[in-house]
Structure formats: structure tokens, C-alpha cells
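Colleague: Build the 3D model from these lines:
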Amino acid sequence: MQKAQEYIQANRQKFIDEIIELLRIPSISADKAYAKDVHKTAESVAASLKEAGADNVEICQTAGYPIVYADKIIDPSLPTVLVYGHYDVQPADPIELWTSGPFEPVIKKTDIHPEGAIFARGACDDKGQMFMHVKAFEAMMKTNSVPCNVKFMIEGEEEVGSVNLGVFVKENKEKLAADIILVSDTGMLANDVPSITTGLRGLSYVEVEITGPNRDLHSGLYGGCVSNPINVLNKMIASLHDENNHITIPGFYDDVVELSTDERAEMAKAPFSKEAYCKALEISDVYGEEGYTTMERGSIRPTLDVNGIWGGYTGEGAKTVIASKAYAKISMRLVPNQDPEKITKLFQNHFESIAPAGTVVKVTPHHGGEPAVTPIDSIGYMAASKAYETSFGKKPIPVRSGGSIPIVAMFEKELGLKTVLMGFGLDSDAIHSPNEHYGLFNYFKGIETIPYFYQYFTELSK
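Modeller: Just a heads-up that it's a prediction; the model follows:
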């Protein structure tokens, strides 16, 4: 892989310029106003793959946004790696909190990124990390050093639940046949502490609506006489955790797999500074379920969080009303063995049961996903570990992530394939938040490491 590494170093500025151009396109899948931009991004990704040397480049239409497919089959007898990524991004709101335009990429130096980081929506999640694979592939192609077969499947709906990906996968199993799936949509512990994500939490996401009176009422004439949906909703949400921050929904923990003392001890080897954690978030202390560390709370334990809550008058000045309705969006992160559909039903039954008289509850399920675990004794994980060790000079730590990538469990179910999660982002990269960014160090470290994965996976598969 030496020639590929030399190509990467010789084309650093080109690789920076290309990702910046991709980040300029506001491919926000959640907002139909940006539909043309999402399609434009798919075309850009396809063009990049074709230029890199991929064959059979296709923009595959779905009922929603297209999936970009490409491949390079150098020898059918060799292993095949299927690369997954996504080109859509989260909305940029609140815009006023960005220090530069979310779709006007700029490189700024920070304490964590002295070499500079690209600030833009999608810089880390997932355009920057997805594009690493295109550039790594290009480096191998231009230097005739591709050691195995490679396929790409880049979608445009990950940020809205991968609505049409499952249908595409079911209908294209032969096209997508491979030996392993490679994804970079996660992170690592620190730039000097490489790590590989071995577990992902699942997700159950719901929206709740509380209705009281049939119209907004004068709070002076009706206050204290009828149920106030906003007050009721807040009380109901507050009751979902007890004094130890344990979730109170009956049956919620029934299927949770408890890690052994030895497994928790291995997790504890990952470096963690409570002081640095609090400082980075500008909080005075951590918070969470009694009996577990911060790292455990964010990875091996299920959670329930309110993601949005609204109702009544929120404009300037005063308007004294009791709102007819109140709403909230709630997400539950799940751990292995918890079934999203079962958890959603448990939530719905419980939430309806605790509503006081005089109110009506409506629970609307949104997208969800299964949790997933990748064994650390698999060929895929071992190849990734060797790749990190080669490029970073130290062995990576296996960690479980608190995030969810629902398609990982779907890939295993439909294609029978395990996924290796080679992420290069950092917790401080502000994904889904204002001022999202991705370090140049991380961007290039990913491009440098990925070719080694192909090399070692091919060698270990013999």
C-alpha cells in the first residue's frame, strides 16, 4: 500500500478542495425545499466514484431519494467489501448559532484540531467520512493496488430513517452480495486514542400529543377548572424516570442484556476524564442512571429523552391562554435484545394509562431500529484493528457507541453480513449541532487507514 499512501500525500489539497465542494450542497433530506440539492449531491457522489475508477456507477431511483451504487470487481474469487455511507445531512437550524455559514465550508484551527478542521453541516456526519472511502478507493485505483473487490452503496435518506433502503436491499441482494460491510459513520475516542465501535444502540422514536379542551381557553376564566395539556404533558414526562433516573415504563428493562463485571472492566480501560467532559459541555456535573458510569450510561444502558416539546403561545409578549394541545418528541435508545416495536408498544400503553381524566393521548411512532454488536474475534474486526495499528502506531480500543445506525441490523438480517464500523470522528465534532466540523487530521487518517483494511481483510480471508 506504499504507492497508495504516496498518492494520498501528493493529492492532499485536491482531496480537501473536493470535500469542500461537496459540503457546499445543502442536501437536507428532511426538508422538501432542498430536494433538488439532495439529487444534485447524488449526482456529485456518482461522478466522484466514476472519476475514482469505479465501474457500473448507477444512480438508483427509489420512492424517495436515490441510492448511488458502484463497484470494482477485479477477481470474483477474491473477497468483496461493500461500503455503505450517506450523502444527506441534518437541517442546519438554529442558523444563528453558527459562527460561519453551514453550507459555506471554512477551515479553522482549534485546540483539538491544530492542523485545522472543516466547519460545515455534514463535514463529519457523513459526507466527510463517506468521502474518505471514495478517496481511499481512488488512491488504490490510481496506483493499481486494489487487493479485493469493492462495492459502494451511498444513500440519501439516512437522516430521515433510511425509509427506502430496506426495499432496495431486499430487491438487490445479488448486486449487493459481499463478504463484509464497511461503514464510517461513527467516531473514535481521541486523535491519539484510536478505537473501533463494536456495538450500537437501537432506537424507538415517538411523537406524543395531549389534547384537553376543544379550543384554546382564557387562562383567567378557565385556569384551575380544566386540564392544561402543557402542565399535564410535563408531569407525564417527568414521571417516566424515578429518583435514580431509572425508566419507569413497566417491562422496559425485561430484555436488557446485563454486561458481566469483566466486560465492564474492559470498557473502563478507555480513557475518560469527567473534568474534561464537563468542561467541553460547560456543565457543572454529569447526570444519569444510578449505578453506572458516564461511559456506560452512553453505550450499554437504554435511555429515554425528550427531543422537543411545544404548545401554547411562544411569540413575543404575553398571551394568557390554556392551550388545547401540547406535543413532544421522545426517543428511546435501546441495547441488545430490546425490540424497538415492543418498546414502542410498551411506551404507548404506559403513556396512555397515566393520562389524567379530561385529556386524550395520541402516540405516533416514527422510525426505529435494532441494536447491533460486532464480535471482536471476527475477521472484519481483526482486519480493521490491524489497519488502525498500522496507521496510528497503536492498537485501537473496542468500544460500544450510544448512537444508532438501524441499517446495520437490517444488513445482517437481509444480506447475512456483519458490519465493521471504522469511524474517525470525535465527540467534539458537533454532529447534528451548529458548528459541526471534521478535523483534517481525521479526514486524512481515514483515507490512509482504509486501504490497509482492504489489504488485511484480503489476507485474513485466505
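Colleague: just checking, His86 touches Asp185?
Modeller: Yes: with contact defined as Cβ atoms under 8 Å, His86 reaches Asp185; the gap is 7.2 Å. C-beta coordinates here come from the backbone N, C-alpha and C atoms, glycine included.
Colleague: Chain neighbours aside, what residue packs nearest to Lys325?
Modeller: Nearest in space to Lys325, with sequence neighbours left out and distances taken as Cβ to Cβ, 6 or more residues apart in numbering, is Thr211 at 5.2 Å.
Colleague: okay, now the one you found: neighbour count?
Modeller: Burial of Thr211 is recorded as 18 neighbouring residues (other Cβ atoms under 10 Å).
Colleague: now the helices for the stretch 301-450 of the chain?
Modeller: Along the stretch 301-450 of the chain, the stretches classed as helices by DSSP state H, counting those that start in this stretch are 340-353, 379-392, 407-415, 440-460.
Colleague: Turn the ones you listed into a markdown table, including distance to Gly122, mean pLDDT and mean neighbour count.
Modeller: Shown next, in a markdown table, are these (distance: least, Cβ to Cβ, whole Å; pLDDT from 0 to 100; neighbours: other Cβ atoms under 10 Å):
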| stretch | distance to Gly122 | mean pLDDT | mean neighbour count |
| --- | --- | --- | --- |
| helix 340-353 | 26 | 97 | 17 |
| helix 379-392 | 24 | 97 | 21 |
| helix 407-415 | 18 | 92 | 20 |
| helix 440-460 | 13 | 98 | 22 |
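Colleague: still on that earlier bit, could you measure from the residue nearest to Lys325 over to Gln348?
Modeller: Remark: distance between Thr211 and Gln348 (Cβ to Cβ, to the nearest Å) = 16 Å.
Colleague: before we move on, what about Thr390?
Modeller: Distance, Thr390 to Gln348, by Cβ to Cβ: 49 Å.
Colleague: what do you get for Glu96?
Modeller: Per Cβ to Cβ, Glu96 is found 36 Å from Gln348.
Colleague: Quick one: residues contacting the nearest residue to Tyr452 once chain neighbours are set aside.
Modeller: Leaving aside its chain neighbours, Tyr452 sits nearest to Ala387 (3.7 Å; criterion: Cβ to Cβ, 6+ apart). Residues in contact with Ala387 (Cβ atoms under 8 Å, 6 or more residues apart in numbering) are Met422, Thr449, Ile450, Tyr452, Phe453, Gln455, Tyr456.
Colleague: how close does Ala387 get to Ile95?
Modeller: Ala387 is 38 Å from Ile95, by Cβ to Cβ.
Colleague: One more: Lys32?
Modeller: Separation of Lys32 from Ile95 (Cβ to Cβ) stands at 18 Å.
Colleague: Please apply the same query to Phe457.
Modeller: As judged by Cβ to Cβ, Phe457 and Ile95 stand 42 Å apart.
Colleague: same check, this time on His432
Modeller: The gap separating His432 from Ile95 is 14 Å, by Cβ to Cβ.
Colleague: Give me the more crowded residue out of the two.
Modeller: Between His432 and Ile95, counted using other Cβ under 10 Å, the more crowded position is His432 (13 against 10).
Colleague: does the more buried one really touch Gln90, like I thought?
Modeller: Yes: using Cβ under 8 Å, His432 is in contact with Gln90, at 5.0 Å.
Colleague: Now do the shared contacts for those two.
Modeller: Asp125.
Colleague: what's the spacing between Ile291 and His246?
Modeller: Slight slip there: residue 291 is Gly, not Ile. Taking Cβ to Cβ, one finds Gly291 at 9 Å from His246.
Colleague: and what of Gly298?
Modeller: Gly298 is 16 Å from His246, where distance means Cβ to Cβ.
Colleague: quick one: which of the two has more around it?
Modeller: A count of neighbours by other Cβ under 10 Å puts Gly298 above the other of Gly298 and His246, at 19 against 13.
Colleague: How many residues are close by the spatially closest residue to that one that is not a sequence neighbour?
Modeller: Nearest non-adjacent residue to Gly298, counting by Cβ to Cβ, 6+ apart: Gly402, 4.0 Å away. Residues near Gly402, counting by other Cβ under 10 Å, number 19.
Colleague: Mind telling me what element the residue lying farthest from the centre of the chain is part of?
Modeller: Relative to the centre of the chain, and counting by Cα atoms, centre = their mean, the farthest-placed residue is Leu221 at 47.7 Å. Using DSSP states H and E, Leu221 falls within helix 219-222.
Colleague: Quick one: residues contacting Glu414.
Modeller: Gly166, Val169, Lys170, Lys173.
Colleague: Could you rerun that using 6 Å?
Modeller: Val169, Lys170 (Cβ atoms under 6 Å, 6 or more residues apart in numbering).
Colleague: Repeat that for the one 5 residues further on.
Modeller: Taking Cβ under 6 Å, 6+ apart as the definition of contact, the neighbours of Thr419 are Ile181, Val183, Val408, Phe411.
Colleague: tell me which of these is nearest to Cys124?
Modeller: Nearest to Cys124, judged by Cβ to Cβ, of the contacts of Thr419 is Val183 at 13.8 Å.
Colleague: The closest one and Leu165, how far apart?
Modeller: 13 Å.
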